[in-house]
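**Student:** sharing a model prediction with you, sequence too.
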Protein chains: 2
Amino acid sequence: MILQPLSESTEMYLKAMVELGGREVVAVGRLAERLSVTSVSANEMMRRLGEQGLVSHTPYKGVTLTQMGREAACNVLRRQRLWECFLYAHLKIEWPQVYELACDLEHATAPAVTEALAAFLGQPSHCPYGDPIPAADGEFEPLLGISLSVVGVGGHARILAVRATDTDVLKYLYERGLVPACEVQVVEAAPLQGPLTLRVNGKEVALGLALAEFVIVEIIPAS
Amino acid sequence: MILQPLSESTEMYLKAMVELGGREVVAVGRLAERLSVTSVSANEMMRRLGEQGLVSHTPYKGVTLTQMGREAACNVLRRQRLWECFLYAHLKIEWPQVYELACDLEHATAPAVTEALAAFLGQPSHCPYGDPIPAADGEFEPLLGISLSVVGVGGHARILAVRATDTDVLKYLYERGLVPACEVQVVEAAPLQGPLTLRVNGKEVALGLALAEFVIVEIIPAS
DNA sequence: TAATATCATAAGGTTTGCCTATTAATTAAT
DNA sequence: ATTAATTAATAGGCAAACCTTATGATATTA
């Protein structure tokens, strides 16, 4: 499938769709929320993407990526995450800033550069935030993990990935040691959707539930 | 001087100005020609850049970069040429394609990335096309060389830089060995602005005068 | 089934950058 | 010096890509 060049904005919508819903239906409102635009703007874009055959839109139900849309979206993710690897491992850019800076570069990256970069990096499988890098053909293994927000009190878990994109949010998590491979224990969960209290690297850390949603973990069975 | 983010198009105009005129006045028509737009478009952009204090425009005379404009332009050149180094030396992108691909990336490059890239590359002084890379503060030594088109018949010269930007033109030169550090001898100059005949790596090569303009050389004195 | 929340569409605005056609200034040539 | 030819600038307009507010349609749930 040959993909015509897409606008930066289009690529952001596609990326948000695959990050938010994968192969599932996504509510247009969620998309608008994530991209910080009005739902009108998101709707309009969905109409355009529908005309281009990238998404399928069932009014009042939501949108899904078509095969073509999914390929395009995975291609964007591949570029993004390869740049993240480069910025982090070679340019020594601070972890919280990597996402945003890679995002700028991703839209300006020709296929030849993408593949040369992948080769240079040694075909990495995961980005610095723990998410898998789609292959050149567009497919990838979704991470099998659960959100930290659903781990029960007393549970031990290892962070697999951090799904935040905002630099300030990433900075907040970074300062508390909440990065991939880190192990955490849920000490307490405050009632009424209150914050979690975690034990991280020997220190107690409070983390709002909304933030905990972004943190993908695997349970470490009690030995 | 703090530079607000400039549009891609704006950066292209600034880059063309510094490449075409340096500190000198540039005719708006030349600029339009170089960027493949009508002179109306170039005029309009000059008005906008004038309002932003980046250029000084004397109607019917031409435009020059202000100090601020020159800094912005040199900053663009720095990003462009650093990416050229990276693409060529590390990603092994073919020499003729490097310019165009670097050009895409240059507009998406934040200052932090520029400086981290420069450090990664070991603060290179020249790009793969032979031109100097401006320092972080914006200044650089202009290359002291002459155009191959003004070297007399019989003259020996060493190529210092190639000023072409079009991938096809670069490919043409590359296929004939006309790259920086290469030594050439002018065997013959056809009359009426006809092509030069050159001796390059033991082979005779014909080169149109227009193309020879792009090739910057230093004379090798007859020993 | 009525109320509420969510979603979709209508109509319109802004920005950016491009164009054709016209007018004005400059330069070169008689 | 005056005119012809060249080059530059302005007027007016178009299109693409996004955004907005206001309004109408559908779903959900009490």
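**Tutor:** All right, it came through fine.

**Student:** return the residues in contact with the residue lying closest to A:Asp168 once chain neighbours are set aside.
**Tutor:** Closest residue to A:Asp168 apart from its sequence neighbours, by C-beta to C-beta, 6 or more residues apart in numbering or on different chains: A:Pro96 at 7.9 Å. All C-beta spots, glycine's among them, are computed from the backbone N, C-alpha and C. Residues near A:Pro96 by C-beta atoms under 8 Å, 6 or more residues apart in numbering or on different chains: A:167-168, A:170-171, A:173-174.

**Student:** can you select the buried ones from those in PyMOL?
**Tutor:** To isolate the buried ones among these in PyMOL, judged by 16 or more other C-beta atoms under 10 Å in any protein chain shown, type:
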select buried, chain A and resi 167+170+173+174
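
**Student:** how much does the helix or strand hosting the residue nearest to A:Asp168 deviate in direction from helix B:95-106?
**Tutor:** In the assignment (DSSP states H and E), A:Pro96 maps to helix A:95-106. Angle, helix A:95-106 to helix B:95-106, by axes from the mean of the first three to the mean of the last three C-alpha atoms, to 10 degrees: 120 degrees.

**Student:** sorry, back to before: ok, so of the contacts of A:Pro96, who is nearest A:Leu101?
**Tutor:** A:Thr167 (9.1 Å; C-beta to C-beta).

**Student:** how close does that closest one get to chain B?
**Tutor:** 11 Å (C-beta to the nearest C-beta, to the nearest Å).

**Student:** how many residues are close by the residue nearest to that residue when sequence neighbours are not counted?
**Tutor:** Among residues not flanking A:Thr167 along the chain, A:Glu100 sits closest, at 5.1 Å (C-beta to C-beta, 6+ apart). As a burial measure, A:Glu100 scores 14 neighbours (other C-beta atoms under 10 Å in any protein chain shown).

**Student:** quick one, phi psi at the spatially most central residue of chain A?
**Tutor:** Nearest residue to the geometric centre of chain A (C-alpha atoms, centre = their mean): A:Arg163, 4.3 Å. A:Arg163 has phi and psi values of phi -100, psi 10 when expressed as degrees, to the nearest 10.

**Student:** which residues of chain A score low on pLDDT?
**Tutor:** A:1-4 (pLDDT under 70).

**Student:** if we use 80, what do you get?
**Tutor:** Applying pLDDT under 80 to chain A flags residues A:1-5, A:21, A:192-193, A:222-223.

**Student:** how much space between the residue nearest to A:Asp168 and DNA strand D?
**Tutor:** 24 Å (C-beta to the nearest atom of the strand, to the nearest Å).

**Student:** what does A:Pro142 give?
**Tutor:** 26 Å.

**Student:** skipping its backbone neighbours, what lies nearest that residue in space?
**Tutor:** A:Gly22 (6.4 Å).

**Student:** cool, A:Val25 as well?
**Tutor:** Closest to A:Val25 by C-beta to C-beta, 6+ apart is A:Gly62, at 4.0 Å.

**Student:** just A:Lys203 next, same as before
**Tutor:** The nearest residue in space to A:Lys203 (C-beta to C-beta, 6+ apart) is A:Gly177, at 7.7 Å.

**Student:** which ones are touching whatever residue of chain A ends up closest to DNA strand D?
**Tutor:** The minimum distance from chain A to DNA strand D, using C-beta to the nearest atom of the strand, falls at A:Ser9 (2.7 Å). Residues near A:Ser9 by C-beta under 8 Å, 6+ apart: A:Met45.

**Student:** what about 7 Å?
**Tutor:** Residues near A:Ser9 by C-beta atoms under 7 Å, 6 or more residues apart in numbering or on different chains: none.

**Student:** next: A:Cys103.
**Tutor:** A:Cys103 neighbours (C-beta under 7 Å, 6+ apart): A:Gln80.

**Student:** so how far is DNA strand C from it?
**Tutor:** To DNA strand C, A:Cys103 is 20 Å away according to C-beta to the nearest atom of the strand.

**Student:** do A:His126 as well
**Tutor:** Counting by C-beta to the nearest atom of the strand, the gap from A:His126 to DNA strand C is 32 Å.

**Student:** do the same with A:Glu71
**Tutor:** For A:Glu71 relative to DNA strand C (C-beta to the nearest atom of the strand), the value is 23 Å.

**Student:** give me the three-state assignment for the residue nearest to that residue when sequence neighbours are not counted.
**Tutor:** Among residues not flanking A:Glu71 along the chain, A:Gly138 sits closest, at 4.4 Å (C-beta to C-beta, 6+ apart). Classification of A:Gly138 using DSSP: H, G, I helix; E, B strand; the rest coil returns coil.
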